[in-house]
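*Asks:* No sequence on hand, only this structure:
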């Protein structure tokens, strides 16, 4: 159990560092969506089903969609 | 140079936070308020989901503030990105037949699922905010799949205003009946039934419709360009 | 192993706060900074919920009438984090609309170039 949680935390931190390093903004947004998804799983392990549902619906789906629509109207690559 | 200074600053901040956090043990009860809400929650409000009773009955005024913040953000986005002139969606090629048929089949199912989540907010995990976000993702599916259909602007603005007004009206009726704002004036009923917990399902239905139409309006404003 | 058992969630929340602050402080692109804001938000919410956790507790829902009420986790941080997540997405949407207007006015989203233009 604690092994699963440690692996998920390490994957989440790798995703956050990847969002910092990527130059293509679409890749960075998908890395941020991965961070949100793993945070939703960790909320479930912390016995909080309401918060897990809210983070999955709002953080992973709607935030990514809003970012992609905004990137479409501006530049795609970081200068 | 800027990078080195910011890393130094962050290391100092993290060191300070870690020092103070070593004194907060993980996994022990820390406040007594939570225990009181759990022990008395079902008797006082009638809702089986304690988080719902905290959000809407014990801390109902904070939820009113949050709904106001969402409203201001939605109006601000419409004001910044709006403006005068004709609005069109950017020209792209139409979606394939499989995608558009699949989106048309999935759209009413997702709406029904979102409505189920915010109607049963006091019995199972869920509530107005989660259900509203699911309804907004149904609209996102329509935008991706069948690009010709648009939701009319008056429809979701009317729904949003009605949701917000019924939340405040429920609080004012509680003020008139029992003497304080957002009082629970409907009968509590028995636990674990759909028609229980007084005014909580009514407010959650209003919040669910309001948040759903607000997030739909945000996506609609971002998509159009003049 | 005891140390990891106790502090795995805290390390995860802190790592996210650290990375989010670093992205906001050092990146020049405006949309990159807004991505950093989203990561920072997620980290703070994870930290708040993990403070309210009680070891071997269950979720605070009375789904059956005979549930033991002594071993439920704290419901107050969960209610606060529910509010905070929705406010986070509202702030993000408004920030992105301002970024789009900046791009329409200046033609670039690089903060150094915008600062050099001086109207």
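*Replies:* Yep, it's here. None of the values given here were measured: they were computed from a predicted structure. Numbers count the residues shown, from 1 in each chain, chains lettered A, B, ... in the order given.

*Asks:* From chain A, how far out is the residue positioned nearest the centre of chain C?
*Replies:* Centroid-nearest residue in chain C: residue C:41, 1.7 Å away (criterion: C-alpha atoms, centre = their mean). Distance, residue C:41 to chain A, by C-beta to the nearest C-beta, to the nearest Å: 8 Å. Placement of C-beta: from N, CA and C, glycine included.

*Asks:* what's the helix or strand for that residue?
*Replies:* helix C:30-51 (DSSP states H and E).

*Asks:* helix or strand right after that helix?
*Replies:* helix C:76-106.

*Asks:* Report the inter-axis angle for that following helix versus helix C:30-51.
*Replies:* Here the directions of helix C:76-106 and helix C:30-51 differ by 180 degrees (axes from the mean of the first three to the mean of the last three C-alpha atoms, to 10 degrees).

*Asks:* hmm, helix C:76-106 in reach of chain A?
*Replies:* Yes: for helix C:76-106, a contact with chain A is found by C-beta under 8 Å from any C-beta of the partner chain, at C:78, C:81-82, C:85-86, C:88-89, C:92-93, C:96-97, C:99-100, C:103.

*Asks:* Return only those of the residues you listed found close to chain B.
*Replies:* C:78, C:82, C:85-86, C:89, C:93, C:96-97, C:100.

*Asks:* Tell me which two of the residues you listed sit farthest apart.
*Replies:* C:78 and C:100 (34.1 Å; C-beta to C-beta).

*Asks:* Compare the two and say which is more crowded by neighbours.
*Replies:* residue C:78 (28 against 22; other C-beta atoms under 10 Å in any protein chain shown).

*Asks:* Any figure for the gap between that one and residue A:6?
*Replies:* 23 Å (C-beta to C-beta, to the nearest Å).

*Asks:* Okay, now the unreliable bits of chain B?
*Replies:* B:83-92, B:225-226 (pLDDT under 70).

*Asks:* Let's see that with 80 instead.
*Replies:* Where chain B drops to pLDDT under 80, the residues are B:1-2, B:20-22, B:82-95, B:147-151, B:179-180, B:185, B:187-193, B:197, B:224-226.

*Asks:* Contact residues of chain A facing chain C?
*Replies:* Residues of chain A lying near chain C (C-beta under 8 Å from any C-beta): A:2, A:5-6, A:9, A:12-13, A:16-17, A:19-20, A:25, A:28-29, A:32, A:35-36, A:39, A:42-43, A:46-51, A:54-55, A:58-59, A:62-63, A:66-67, A:70-71, A:73-75, A:78-79.

*Asks:* now these: which count as buried?
*Replies:* Taking 16 or more other C-beta atoms under 10 Å in any protein chain shown as the criterion, what is buried in these is A:5, A:9, A:12-13, A:16, A:19-20, A:25, A:28-29, A:32, A:35-36, A:39, A:42-43, A:46-51, A:54-55, A:58-59, A:62-63, A:66-67, A:70-71, A:73-75, A:78.

*Asks:* Which of those residues fall within strands?
*Replies:* Among those, DSSP state E puts none in strands.

*Asks:* restrict those residues to those near chain B?
*Replies:* Within those, those near chain B by C-beta under 8 Å from any C-beta are A:49-50, A:54, A:58, A:62, A:66, A:70, A:73.

*Asks:* For the lengthiest helix in chain B, name the packing helices and strands.
*Replies:* With secondary structure taken from DSSP state H, chain B has its longest helix at helix B:153-178. The criterion is 3 or more C-beta pairs under 8 Å, 6 or more residues apart in numbering or on different chains; DSSP states H and E, and the helices and strands that helix B:153-178 contacts are helix B:60-81, helix B:200-223.

*Asks:* what angle do the shortest one and helix C:76-106 make?
*Replies:* Read it as helix B:60-81. Going by the same axes, to 10 degrees, helix B:60-81 makes 10 degrees with helix C:76-106.

*Asks:* still on that earlier bit, can you tell me which residues contact the residue nearest to the centre of chain C?
*Replies:* C:20, C:84-85, C:88 (C-beta atoms under 8 Å, 6 or more residues apart in numbering or on different chains).

*Asks:* Quick one: neighbours of the closest residue to residue C:40 other than its chain neighbours, just the number.
*Replies:* In space, residue C:40 comes closest to residue C:20 once its chain neighbours are excluded; the distance is 3.1 Å by C-beta to C-beta, 6 or more residues apart in numbering or on different chains. Counted with other C-beta under 10 Å, residues neighbouring residue C:20 total 25.

*Asks:* Residue C:20: what's it in contact with?
*Replies:* Per C-beta under 8 Å, 6+ apart, neighbours of residue C:20: A:16, C:36-43.

*Asks:* Could you give me the buried positions within stretch C:65-84?
*Replies:* Buried, per 16+ other C-beta under 10 Å, within stretch C:65-84: C:72-84.

*Asks:* ditto for stretch B:98-108
*Replies:* B:100, B:103, B:107.

*Asks:* so residue B:191 sits right up against residue B:48, yeah?
*Replies:* Yes: taking contacts as C-beta atoms under 8 Å, residue B:191 lies within contact range of residue B:48: 5.4 Å.

*Asks:* out of those two, which sits in the more crowded spot?
*Replies:* Each of residue B:191 and residue B:48 has its neighbours counted (other C-beta under 10 Å); residue B:48 has more, 24 against 17.

*Asks:* Quick check: phi and psi on the nearest residue to the more buried one once chain neighbours are set aside?
*Replies:* Spatially, and ignoring its direct neighbours in sequence, residue B:48 is nearest to residue C:62 (4.6 Å; C-beta to C-beta, 6+ apart). Residue C:62 adopts backbone torsions of phi -90, psi 80, taken as degrees, to the nearest 10.

*Asks:* how close does the closest residue to residue A:56 other than its chain neighbours get to residue B:132?
*Replies:* Of all residues not flanking residue A:56 in the chain, residue A:40 sits nearest, at 4.2 Å (C-beta to C-beta, 6+ apart). Distance of residue A:40 to residue B:132, computed by C-beta to C-beta: 17 Å.

*Asks:* more neighbours, these two?
*Replies:* Neighbours per residue, other C-beta under 10 Å: of residue A:40 and residue B:132, the larger number sits with residue B:132, 28 against 21.

*Asks:* Enumerate the residues of chain B near chain A.
*Replies:* B:49, B:51-52, B:90, B:117, B:125-127, B:129-130, B:133-134, B:136-137, B:140, B:215, B:218-219, B:222-223, B:225.

*Asks:* ok, and which of those residues reach chain C?
*Replies:* B:49, B:51, B:125, B:127, B:129, B:215, B:218, B:222.

*Asks:* The first one: how many residues sit nearby?
*Replies:* Residue B:49 has 30 neighbouring residues, counting by other C-beta under 10 Å.
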